[in-house]
Structures are given as structure tokens and as C-alpha cells.
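Enquirer: Sequence and predicted structure, then a few things I'm wondering about:
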Amino acid sequence: MLPCAYAKAERKAKSLFPFSFAGIQCMKLSGYSKGYGYKIGQTFQGNSDHAWNAVYLDGRWHLLDSTWGSGIVDDTSTKFTFRYNEFYFLTHPALFVNNHFPDNSNWQLLKPTLTLKQFESNLQHNSDFYKLGLLDAHPQTALIQTENGTATISVECRPSTLFTFKLEGTDEHGLLTLRKQGMKLEIYPQKTGRQELQIFARPSKSTEDVYTCVLEYIVECKSVDKSRRFPKDLHQPVGPSWFTEKQGFLRPSHPDPIIHTNDGRCSLTFTMGKDISILASLHADSSSLSEEMSRQHIMQIHRGNQVEFKVHLPHAGSFVLKFFTKKKSDPGSYTFVFNYLITCLNTEVKWPAFPLRYSKWAEGYELLEPLSRLLPANRNVQFKLKMQGISKVLVQAGDTYTLTLSRDGFWEGTCNTAGCRELFVMVHENANHGYYSHILKYDVETQ
């Protein structure tokens, strides 16, 4: 039987459509529906639980549900709210049968018709799925069984659409990647048994950051893949996409969301849009590094409109590499754009941070060596940097050393770390002034 609120709403909605007065042939249909109170994967038996209509227009029959088209029932209060939904008026039969199964199969208006078992097992697409321009989803069954602890879901759509998901209320146990015409989601449940998966979407052009639930699955997990535990700082979606291209990150060297490195090092490059300032940071649940210190494990190098990010991981594990941007002309704060997942299984990895860069370290400068902030004691160390518009470069250790400009445009030289705990690189920007600016700082190992 229909809930009281639904029954009253249905009587009122049907009173608004006096088909007989308008001379329109109308049939009242009854059957099963995936509406208020429906649970994913449930079976239907006994008497019909809903009623709708078929009308004869322009030489053929059309389906409509004036109750569902008039509003919804709030799950928390069972109160019916009138909210016009055009989707349920003259709906295409192939879409209407997704959640309406008539007692008389002829009124599916389909050939071939669906069986009740197919209706029960089929994935339900609600009206928002189609109103957002989504086309198809895989798998098509509401119940998903994992294989080796994982399952994959994909959605196809025409417009640029943003997606997110919740598996048992969290988005921590999956990898969602955006595609030009949809999305791909890989989930890794961290417990066995049946769990609810919800997929949400919103148009990219929407000014409101409001996602609508468009699909619901039940995931049955028989085994857990414990190797797929992602850092809490990982944000969905992961990896570069059409969305990051709109933010100015063009032609990424790593199109995949996961970067695997065996020696704990990796390098990423992008072609960047104009007037964009970038900030990158590294995060891991198991790392004791502060956020400021983790940034020192990333070296950013600009070469015209290309930018390279060198990453040296402090230890083995799973890390999140986040990117933030803002307009150079904008004095405001940086905005998060996207992130990668970087993994390293080599427990021997232990890279020190890059040298500390001071504010005078300009965007176009490039450091080739030494890249490690920690230098050996009592050793000769080779320096090599590329900097434009500099008249003189000094390295201040126990003594002061002058770097020379080579024919190929590199400032090079050797210095000795004896008798010092810290080492500084300084530049003289203007030959007419005697002031030197600190640009790099190194630490020297204790003896």
C-alpha cells in the first residue's frame, strides 16, 4: 500500500489533470514501483504498490506519473513536498520502466518487455540522472560483487560533469577519475559484507557546490585488499582531467592518478596557462614531517610556460601530492585544484629535503646540484645553477667561494664544507650595488 502522504498527494495530483474533460483518452495503470520506501535489491510480491497513467496523444500511447511529477516524500518526516518534475510526464518507456513495472506487461510499451526479475535486479536511474545529461552507467545491476577486494563503476555523459561518491558515508576508500565524457570509480572496501555506495554529480558550470545523488549500489565485498589504504588527505577526484585543464594545467606528463616510484623520486611536468601561480605540497598519514617541511621535498622549476615538479620522498609509503593555484595578479589565497597519489614500496628510500629556498629565489631559477639540503662534512661540493639577470654568485661556507658563469649559461664552482654547520648561496643582482641576497640554505652533517 502507498504511504498516507503519498496516497493523498496522488489523489490531489490526479485531480489536477482532468483528461476526460480535455477529450484525451487516458488509462489508469497499476504495478510495482521503486519509489518511497524502496530498498536496493528488494523483491516485489503481493499486491501492486503504486498507480500511474497512460495517455493517447498524436496517435500513440505515452506514460506519465502525476504523483512523482508533482513532488517527493521527505524520508525523515514522510511529508509530501510539491515540486514539479517534468521528467515523469510523457517519459520515454525505456526510461519509465526503470522504476515502474506495470501489472500488465503490455503497458511497458516496450518490445521485448522486461521480466519482474530483471526489473528487481536492474540499476535504478532516478530522474536527476537524466536531467543532468548522464547517459549510461556500468555495471547495470544494483548489486555489485568485488573481485580481489575491488570493483569498478563508470558513468558516461555528454557535458562536463563533476562527480563524487560515498561508500558507507566516506570517500576515503576509492579512486575517482574524471573523463571528458564521464567518470571512472575504483572502490576498495575496507570491510567485508554488504555496503551502500552512492554516486553524486553536478554540472561543472553550476555556481553552487551542490551535488545530487544520481546512482545507488549495494557492494558485496568478500575479501579486503589491505594494500589499498589511501592517505586521508587524498581528495576526490584524483589525477589530471578536463577540469584541471580549465584551471590551467595543460599537457600533464602523468595522465594517470597514481604515480609508482621504486627509488622514491619522480618528476612531473605541465604546460601552464598565463598569470598562474602554483603551490604544491606533500602529505602522508605515516609521516612525522610538518606541512612546511613536506613542501621542502618538492622542487619547482619554471622554463617558459612549462613547469616541472621534482619530488623526493622522505620514506616509503603512500603520499598525496596536492596542487594549489591563484592568479599572480590576485593578492588572495591559493585554491586547491587536484592531487596525485604517489606510492613507493622500497623501504630503503630516505631522501632528505631540497635546500631551503628564500623569498629571493625567483621563479625562473633552476638548481641542478646539489639537490640535497644535507651536505657531507669536510667535502668538496660541486654547485651548478641557472639564473638570468645575475651579476655575481657567492657560496658562503667556512670560507666564501665565487661561482663562475659558463658559456652555456650555468653558474658553477666548488666549495668545501669544512668548519661550518650551514651553507648559503647568495646572489648579487645589480652590479651597481654591493648588496647580496640569500637564495638557498644547506645544512652540513655533523662529524
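Expert: Ah, there it is.
Enquirer: How many residues are close by the nearest residue to P240 once chain neighbours are set aside?
Expert: Once flanking residues are discounted, P240 sits nearest to P252: 4.2 Å by Cβ to Cβ, 6 or more residues apart in numbering. (C-beta placed from N, C-alpha, C; glycine too.) Neighbouring residues of P252 were enumerated by other Cβ atoms under 10 Å; the total is 18.
Enquirer: Could you list the low-confidence segments of the chain?
Expert: Low-confidence segments of the chain, defined by pLDDT under 70: 1-21, 74-78, 431-433.
Enquirer: Try it again at 50.
Expert: 1-6, 9-10, 12-18 (pLDDT under 50).
Enquirer: domains in it, as residue ranges please.
Expert: Under the assignment automatic domain parsing, the domains of the chain span 4-115, 131-221, 242-344, 356-444.
Enquirer: G409 versus the residue nearest to P240, what's the distance?
Expert: Here P252 is placed at a distance of 28 Å from G409 (Cβ to Cβ, to the nearest Å).
Enquirer: Can you verify F243 is assigned to a helix?
Expert: Yes. The assignment for F243 (DSSP: H, G, I helix; E, B strand; the rest coil) places it in a helix.
Enquirer: what secondary structure does the nearest residue to it once chain neighbours are set aside sit in?
Expert: If the residues on either side of it in the chain are set aside, F243 comes closest to L178, at 5.7 Å by Cβ to Cβ, 6+ apart. Put simply, L178 is strand when judged by three-state DSSP.
Enquirer: Please, where are all the strands along the stretch 51-200 of the chain?
Expert: Using DSSP state E, counting those that start in this stretch, the strands of the stretch 51-200 of the chain run over residues 60-64, 71-73, 80-82, 89-91, 100-102, 134-138, 143-145, 151-157, 161-167, 174-179, 182-187, 193-203.
Enquirer: For G264, list the residues it contacts.
Expert: For G264, the contacting residues are 312-313, 315-316, 344, 346, 349-351, by Cβ atoms under 8 Å, 6 or more residues apart in numbering.
Enquirer: Quick one, which of the residues you listed are buried?
Expert: Among the contacts of G264, those classed as buried by 16 or more other Cβ atoms under 10 Å are 312-313, 315-316, 344, 349, 351.
Enquirer: Looking at these, which are in helices?
Expert: In helices, judged by DSSP state H, none of the buried ones among the contacts of G264 are found.
Enquirer: JSON lines please, covering the residues you listed and showing distance to Q300.
Expert: Rendered in JSON lines, the data for the buried ones among the contacts of G264 read as follows (distance: Cβ to Cβ, whole Å):
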{"residue": "H312", "distance to Q300": "13"}
{"residue": "L313", "distance to Q300": "16"}
{"residue": "H315", "distance to Q300": "22"}
{"residue": "A316", "distance to Q300": "24"}
{"residue": "C344", "distance to Q300": "20"}
{"residue": "V349", "distance to Q300": "21"}
{"residue": "W351", "distance to Q300": "16"}
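Enquirer: Name the nearest of those relative to P331.
Expert: Distance to P331 across the buried ones among the contacts of G264 (Cβ to Cβ) is lowest for H312, with 31.5 Å.
Enquirer: Now do the contacts for the residue nearest to the closest one when sequence neighbours are not counted.
Expert: Leaving aside its sequence neighbours, H312 sits nearest to W351 (Cβ to Cβ, 6+ apart; 3.7 Å). By Cβ under 8 Å, 6+ apart, the contact set of W351 is 264-265, 297, 312-314, 372.
Enquirer: for Q42, same thing?
Expert: Contact partners of Q42, counting by Cβ under 8 Å, 6+ apart, are E120.
Enquirer: State the distance from it to K222.
Expert: Look at Q42 and K222: by Cβ to Cβ, they are 22 Å apart.
Enquirer: same thing with P93?
Expert: 37 Å.
Enquirer: Any idea how far apart the tips of stretch 427-438 sit?
Expert: Its start and end residues considered, stretch 427-438 measures 7 Å (Cα to Cα, to the nearest Å).
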